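**Q** sharing a sequence plus its predicted fold:
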Amino acid sequence: MGHKDGEVIQHSMISKSIERAQKKVEENNFGTRKRLLEYDDVMNKQRDVIYKRRKNALFGDHLKYDITNMIFDVANSIVAKGKANGSYKDFEFEIIKHFTMGSPISESDFGNKQVPDLTNILFKAAQEDYQMKLNLLKEKSFPIIENVYQNQGSMFKMIQVPFTDGHKTMTIVADLKEAYDTQCESLINDFEKNITLSIIDENWKLHLREMDDLRRSSQGAVYEQKDPLVIYKQESFHLFSEMIDKLNKEIISFLYKGEIPA
């Protein structure tokens with residue numbers, strides 16, 4: 001164009017062309033950032049749910065309410081699955097598996113009553129049974145704590161107490177004097193707290209890996225002329241729902257079965 005190297009090019013056509021190119025690049029970058037934020041928004045909503053439950057367990061706030069809600073959710077899941085399958089034997093097995101008790105619902109009621117009514121019956125029976133199990137656990141634990149406190153209380157402040165459900169063993173750290181003074185009430189609280197935290201963290205870490213895999217695999221929806229973000233949102237909802245159901249059942253199952261090994 002007759003210009004020399006290093007000379008400033010001043011022309012309206014060139015300036016407008018550069019502006020258009022810059023605008024297009026910025027729009028593309030904005031679109032990419034917006035897309036990433038939409039993906040992150042899905043994870044943030046799930047993270048809020050999990051972190052709230054972790055906080056409740058960590059500080060003891062509303063943990064009892066969370067456990068009550070989990071008992072209800074597990075009862076509802078067992079009933080809904082049992083009614084869908086139409087098998088009373090499978091229904092009984094699921095109750096024994098997670099609540100370690102016999103079915104409070106007869107085969108006749110199972111066939112005639114609806115899911116909400118059956119859920120309320122099972123929830124009430126499971127909740128009463130859970131309180132009985134906690135009281136029994138305190139009675140079994142106190143002689144052990146009392147023996148350690150009276151004979152070795154001057155040597156230890158914190159103690160490790162193992163709990164097992166018959167398959168997995170978890171160690172609970174508790175204040176020895178507090179456990180003795182409260183006749184193991186504080187030990188039971190630590191038991192609920194530590195089991196809940198451990199199982200939440202274990203399942204959340206697995207879920208994060210699954211979400212990463214889902215994010216990568218959902219990009220293949222482009223070849224089917226589908227929006228990857230829509231597929232990601234749908235599948236992530238199913239994954240999160242399944243994870244919460246699994247998490248609830250594992251926590252409740254351990255709380256019902258947990259004992260200090262002989």
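**A** Sure thing, it's come through.

**Q** G60: neighbour count?
**A** Applying other Cβ atoms under 10 Å, we find 13 residues neighbouring G60. The C-beta positions use only the backbone N, C-alpha and C, and glycine is treated the same way.

**Q** got the phi and psi for it?
**A** When read as degrees, to the nearest 10, the backbone of G60 gives phi 80, psi 0.

**Q** that one and P104, how far apart?
**A** Between G60 and P104 the computed distance is 30 Å (Cβ to Cβ, to the nearest Å).

**Q** how far away from the center of its chain is the helix or strand where F93 lies?
**A** Per DSSP states H and E, F93 falls inside helix 88-99. Taking Cα atoms, centre = their mean, to the nearest Å, one finds the center of helix 88-99 at 22 Å from the center of the full chain.

**Q** how about the helix or strand following that helix as CSV, C-alpha atoms only?
**A** Remark: after helix 88-99, the chain's next helix or strand is helix 107-112, criterion DSSP H and E. Written as CSV, here are the backbone C-alpha positions of helix 107-112 (Å, rounded to 0.1, in the frame of the first residue of the first chain):
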residue,chain,number,x,y,z
GLU,A,107,-47.5,-58.3,53.2
SER,A,108,-51.2,-57.4,53.1
ASP,A,109,-50.6,-53.8,54.0
PHE,A,110,-47.7,-53.7,51.5
GLY,A,111,-50.0,-54.6,48.7
ASN,A,112,-52.9,-52.4,49.7
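
**Q** by contact count, what packs against whichever helix or strand comes after helix 107-112?
**A** Remark: after helix 107-112, the chain's next helix or strand is helix 115-152, criterion DSSP H and E. The elements that helix 115-152 packs onto, with contact taken as 3 or more Cβ pairs under 8 Å, 6 or more residues apart in numbering; DSSP states H and E, are helix 63-85, helix 88-99, helix 107-112, helix 176-181, helix 185-217, helix 228-257.

**Q** okay, and for the stretch 101-250 of the chain, where does confidence drop off?
**A** Confidence mapping of the stretch 101-250 of the chain against pLDDT under 70 gives the ranges 221-225.

**Q** how many other residues sit next to I105?
**A** As a burial measure, I105 scores 21 neighbours (other Cβ under 10 Å).

**Q** pretty sure it contacts T119?
**A** No. Using Cβ atoms under 8 Å, I105 is not in contact with T119; the gap is 10.0 Å.

**Q** rewinding a little: and of the helices and strands packed on helix 115-152, who's closest to R47?
**A** For these, the distance to R47 is smallest for helix 185-217, at 8.8 Å, taking Cβ to Cβ.

**Q** what about the closest one, distance to the chain center?
**A** Computed by Cα atoms, centre = their mean, the chain-centroid distance of helix 185-217 equals 5 Å.
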